[in-house]
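**Student:** Prediction below, plus the sequence it came from.
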Amino acid sequence: MKHKIVGKQKNSKLCFVCGMKNDLGLKAHFYATEGQELIALFKPCEEHQSYPGRLHGGVASAVLDETIGRAILNKYDTEVWGVTIELNVKFKKPIPLNEELKVVGRITKENNRIFEGTGEIYLQNGETAATAYGKYFKVPLERIADFDPEENEWKIIEKEDDPDEIEI
């Protein structure tokens, strides 16, 4: 299935999932689709392993959590952040290292204070490697952390190969 990309989300400096200057991080890029899903692209390396050649389950859970939690940003002009209440992950296939992976997240239910969502990690052959369900509080960033967007380099990082569509 092809997903048309309508925007790109911001990255930060040191976040484990999206930090561009975190030497041990995933350096994931996040793309909003016309269907208000969010797709993360990342390539795990040896530092992200559990068993040799396999992505650690905690790292897989982190990228699913981040992608589902960030999907709420597709729905609002102002930044609404998700603080994780609950995350349930099911692992279906081993997740390899050193190849680009795709993570899709979406919002499935929402009220004034809480939202819920689901997500999947897809292997290069299109198979589903892991699925997740998450529940999140909607919280303004100033209530979560002392966050200076300039200091944390919170901005859209353009890449030459940013896609116009992503096939899953």
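**Tutor:** That came in fine, so what should we check first? Residues are numbered from 1 along each chain as shown.

**Student:** ok, for the residue nearest the centre of the chain, nearest residue in space, not its chain neighbours?
**Tutor:** By Cα atoms, centre = their mean, the mean C-alpha position of the chain lies nearest to Thr67, the distance being 2.6 Å. When the adjacent residues along the chain are set aside, Thr67 lies closest to Gly105, with 3.7 Å between them (Cβ to Cβ, 6 or more residues apart in numbering). The C-beta positions use only the backbone N, C-alpha and C, and glycine is treated the same way.

**Student:** Are we agreed that the one you found is in a helix?
**Tutor:** No: assignment of Gly105 by DSSP: H, G, I helix; E, B strand; the rest coil gives strand, placing it outside any helix.

**Student:** Quick check: bridge partners of it?
**Tutor:** Taking DSSP bridges, one obtains Leu38, Gly119 as the residues bridged to Gly105.

**Student:** And the helices in the protein, which stretches?
**Tutor:** 57-70, 141-144 (DSSP state H).

**Student:** Out of those helices, which gets nearest to Asp23?
**Tutor:** Among these, the nearest to Asp23 by Cβ to Cβ is helix 57-70 (14.9 Å).

**Student:** contact partners of the closest one?
**Tutor:** The contact list for helix 57-70, computed with Cβ atoms under 8 Å, 6 or more residues apart in numbering, reads 9, 16-18, 26, 28, 30, 38-40, 42, 44, 48, 50, 81-82, 84, 87, 89, 91, 95, 103-106, 117-121, 129-130, 132, 134, 136.

**Student:** So which of the residues you listed sit within strands?
**Tutor:** Counting by DSSP state E, the contacts of helix 57-70 place 30, 38-40, 42, 81-82, 84, 87, 89, 91, 103-106, 117-121, 129-130, 132, 134, 136 in strands.

**Student:** What's the ChimeraX line that selects buried ones from these?
**Tutor:** To isolate the buried members of those in ChimeraX, using 16 or more other Cβ atoms under 10 Å:
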select :30,38,39,40,42,81,82,87,89,103,104,105,106,117,118,119,120,121,129,130,132,134,136
